[in-house]
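# Predicted model and sequence below, questions to follow.
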Amino acid sequence: MKGRSPSQQKDAVRRVLLSILPPGAPATFRKLFPPTKWSAEFNAAITVPFFYWLVGPSELMEVEVNGVKQKSGVHIKKCRYLENSGCVGMCVNMCKLPTQSFFTDDFGLPLTMNPNFEDMSCEMIYGQKPPPIEEDPAFQQACLSTICPVANENSPVCPKVRL
């Protein structure tokens with residue numbers, strides 16, 4: 001995060017994500033997993049076992065996407081990334097936004113992530129387009145002053161998530 005704007009942080013994570021994929025992977029993913037209920041449910045199902053190492057225990061959950069109930073939600077019980085960083089800015093700029101953008105823009109499968117800064121859990125909803133930044137509650141979140149090493153207790157919104 002140091003020395004980078006929120007936009008630069010998001011772009012750096014996106015570049016790393018793309019660099020670990022073989023050439024043409026986003027185009028292949030788009031062909032194999034068009035934005036359908038099946039694709040959203042399949043990606044949620046594989047997220048649970050394959051992302052355990054990064055975020056910790058999670059479980060599949062039923063969600064409503066565009067008025068349709070489907071099992072395309074993942075409830076991360078206590079996100080290791082959020083818990084260890086203790087920082088709203090790191091969560092939003094280095095995980096939430098780049099991951100949403102990676103799936104929605106690069107892979108063509110909408111994804112919304114909803115971190116819960118009180119219990120350190122997070123919901124991933126495959127198939128749901130992320131809200132505009134101005135309407136996203138994560139951008140209205142204050143610093144986690146009791147655990148964030150660089151918290152600004154006087155700011156009503158975490159200054160690390162500025163646009």
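Arrived safely.

# Can you give the distance from stretch 154-163 to the centre of its chain?
Centre-to-centre, stretch 154-163 and its host chain are 19 Å apart (Cα atoms, centre = their mean, to the nearest Å).

# How about stretch 99-113?
Distance of stretch 99-113 from the chain centroid (Cα atoms, centre = their mean) equals 9 Å.

# List the buried residues for it?
By 16 or more other Cβ atoms under 10 Å, the buried positions in stretch 99-113 come out as 99-104, 106-113. (Glycine included, C-beta is placed from N, CA and C.)

# Kindly export that stretch (C-alpha atoms) in CSV.
Extracted in CSV, the C-alpha atoms of stretch 99-113 (Å, rounded to 0.1, in the frame of the first residue of the first chain):
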residue,chain,number,x,y,z
THR,A,99,-11.1,-9.4,-7.0
GLN,A,100,-14.4,-7.9,-8.1
SER,A,101,-12.8,-6.3,-11.1
PHE,A,102,-10.8,-9.4,-12.0
PHE,A,103,-14.0,-11.6,-12.1
THR,A,104,-16.4,-9.0,-13.5
ASP,A,105,-14.2,-7.2,-16.0
ASP,A,106,-11.5,-9.7,-17.0
PHE,A,107,-13.4,-13.0,-16.7
GLY,A,108,-16.9,-11.6,-17.5
LEU,A,109,-18.5,-13.2,-14.4
PRO,A,110,-19.9,-10.6,-12.1
LEU,A,111,-18.8,-10.8,-8.5
THR,A,112,-19.7,-8.7,-5.5
MET,A,113,-17.8,-8.9,-2.2
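
# Touching that stretch from outside, list them.
Residues from elsewhere that reach stretch 99-113 (Cβ atoms under 8 Å, 6 or more residues apart in numbering): 10, 14, 17-18, 26, 29-30, 33-35, 39-40, 43, 95-96, 122-131.

# Repeat that for stretch 73-85.
Residues from elsewhere that reach stretch 73-85 (Cβ under 8 Å, 6+ apart): 44, 47-48, 51, 54-63, 90-91, 94-95, 115, 117, 119-126.

# Show me where the chain has its strands.
With DSSP state E, the ranges of strands along the chain come out as 58-65, 68-76, 111-116, 121-126.
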